[in-house]
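Undergrad: can't give you the sequence, but here's the structure:
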């Protein structure tokens with residue numbers, strides 16, 4: 001039988017890892033999102049000097065495991081004396097920053113393709129209409145292209161953020177005590193992996209449920225036709241009732 005007392009104590013202990021998990025997620029998503037936007041623009045460019053490096057970056061980070069990338073940054077960069085003597089070393093010697101950098105670089109590769117897909121999904125007629133009204137390229141991008149692309153890419157980007165929440169579990173391999181790191185410590189002390197991982201899984205599930213709901217509300221707010229559909233349907237029913 002499951003020990004409910006142990007489950008409750010484990011759950012409370014694992015909650016202490018939520019702030020670090022959310023910090024790593026937020027830092028990697030924000031910094032990775034900025035890099036992803038630049039990469040998406042480079043991929044959309046017809047200039048091979050911009051397109052080819054972006055293609056290689058995306059291929060390299062999508063084609064290798066995130067765990068390997070974390071190990072290369074945390075263990076591998078310290079092998080270069082120039083880095084150990086640079087101003088970056090105070091950051092690169094810390095497990096927290098190594099994990100955040102690896103997560104950001106990884107999510108940037110995936111997010112760049114999501115953003116590029118959203119930009120390519122904007123109808124050409126919308127762009128031509130903006131130009132016919134005399135909008136500059138920058139103004140059309142800010143007022144027409146980007147809002148439409150955001151609506152297109154939001155579902156896929158929400159999935160990427162959920163994946164990043166789960167990916168933070170790999171930070172435990174370099175001694176960070178987020179949810180999975182604390183779970184591993186509890187297992188080594190109690191030898192009860194089932195109960196501990198059930199609690200950890202429940203916490204990840206709750207976090208991702210909240211994120212999914214936030215993005216669902218955001219997508220609803222950015223899609224006028226979804227908000228107007230119920231009102232239009234009720235209006236049609238009223239009109240039908242009037243003609244009866």
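TA: Noted; the coordinates are in hand. Keep in mind that what you see is a predicted model, and the values were worked out from it rather than measured.

Undergrad: ok, the nearest residue to residue 131 once chain neighbours are set aside - how many residues close by?
TA: Excluding its sequence neighbours, the residue lying closest to residue 131 (CB to CB, 6 or more residues apart in numbering) is residue 140, at 6.5 Å. Just so you know, the C-beta spots here come from the backbone N, C-alpha and C atoms, and that holds for glycine as well. Residue 140: 19 surrounding residues under other CB atoms under 10 Å.

Undergrad: Same check on residue 92?
TA: 17.

Undergrad: Flag the shaky bits of the chain, pLDDT-wise.
TA: 1-2, 224-244 (pLDDT under 70).

Undergrad: how about the helices of it, start to end?
TA: Counting by DSSP state H, the chain has these helices, from start to end: 4-15, 18-44, 48-63, 66-71, 81-84, 89-92, 95-120, 124-132, 137-140, 146-167, 179-190, 193-221, 224-243.

Undergrad: how close does residue 61 get to residue 16?
TA: According to CB to CB, to the nearest Å, residue 61 stands 31 Å off from residue 16.

Undergrad: Please say which of those two ends up with more neighbours.
TA: The neighbour comparison of residue 61 against residue 16 (other CB under 10 Å) goes to residue 61, with 19 against 12.

Undergrad: List the contacts of residue 24.
TA: 96, 99-100, 103, 168, 171, 176, 178 (CB atoms under 8 Å, 6 or more residues apart in numbering).

Undergrad: one more time with 10 Å
TA: Residues in contact with residue 24 (CB atoms under 10 Å, 6 or more residues apart in numbering) are 96, 99-100, 102-104, 164-165, 167-171, 176, 178.

Undergrad: sorry, back to before: hang on, the residue nearest to residue 131 packs against residue 133?
TA: Yes: the criterion here is CB atoms under 10 Å, and residue 140 meets it with residue 133 at 8.7 Å.

Undergrad: Now do the closest residue to residue 16 other than its chain neighbours: how many residues are near it, please.
TA: Distance criterion CB to CB, 6+ apart; nearest residue to residue 16, sequence neighbours excluded, is residue 182 at 6.5 Å. Other residues lying near residue 182 total 23 when counted by other CB under 10 Å.
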